[in-house]
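*Asks:* Below is the structure, and that's it, no one-letter string:
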């Protein structure tokens, strides 16, 4: 997934445990682990705001975008793909 969660980085900078952060934010350690390990499909803005408040950081300190590596299949089928030498008209 192209969204990377850096909660563990901020935990290390603040010298805080996952359990302490979960308690202070008001979520379970299991749900925090899902977020921290990149398995979350979504995060509520209220949770993100609470994380930022407790960790004294900005949302961009916790979340970043990294593009997926390119694949051989087209990402957007509506875009024309360049012809290969095998299929180019003669």
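*Replies:* Received the coordinates, thanks. Remember, it's a predicted structure, so these values are computed and weren't measured experimentally.
*Asks:* Now residue 50: closest residue in space that isn't a chain neighbour?
*Replies:* residue 25 (4.5 Å; C-beta to C-beta, 6 or more residues apart in numbering). Placement of C-beta: from N, CA and C, glycine included.
*Asks:* Next, work out how far apart the one you found and residue 40 are.
*Replies:* Separation of residue 25 from residue 40 (C-beta to C-beta, to the nearest Å): 14 Å.
*Asks:* Looking at those two, which is more packed in?
*Replies:* Each of residue 25 and residue 40 has its neighbours counted (other C-beta atoms under 10 Å); residue 25 has more, 20 against 16.
*Asks:* tell me which element residue 52 is part of?
*Replies:* Per DSSP states H and E: residue 52 is located in helix 45-55.
*Asks:* so what does that helix touch, helix or strand wise?
*Replies:* Applying 3 or more C-beta pairs under 8 Å, 6 or more residues apart in numbering; DSSP states H and E, one finds that helix 45-55 contacts helix 7-14, helix 18-25, helix 59-62.
*Asks:* can those helices go into TSV with extra columns for mean pLDDT and distance to residue 69?
*Replies:* Below are the helices and strands packed on helix 45-55 laid out as TSV (pLDDT from 0 to 100; distance: least, C-beta to C-beta, whole Å):
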stretch	mean pLDDT	distance to residue 69
helix 7-14	95	22
helix 18-25	97	29
helix 59-62	97	23
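*Asks:* Those helices into TSV, with extra columns for distance to residue 53?
*Replies:* TSV is the format used below for the helices and strands packed on helix 45-55 (distance: least, C-beta to C-beta, whole Å):
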stretch	distance to residue 53
helix 7-14	12
helix 18-25	8
helix 59-62	11
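*Asks:* Name all residues that make contact with residue 11.
*Replies:* By C-beta atoms under 8 Å, 6 or more residues apart in numbering, the contact list for residue 11 reads 17, 18, 21, 36, 55.
*Asks:* at 10 Å what do you get?
*Replies:* Contact analysis of residue 11 by C-beta atoms under 10 Å, 6 or more residues apart in numbering lists 17, 18, 20, 21, 32, 36, 55.
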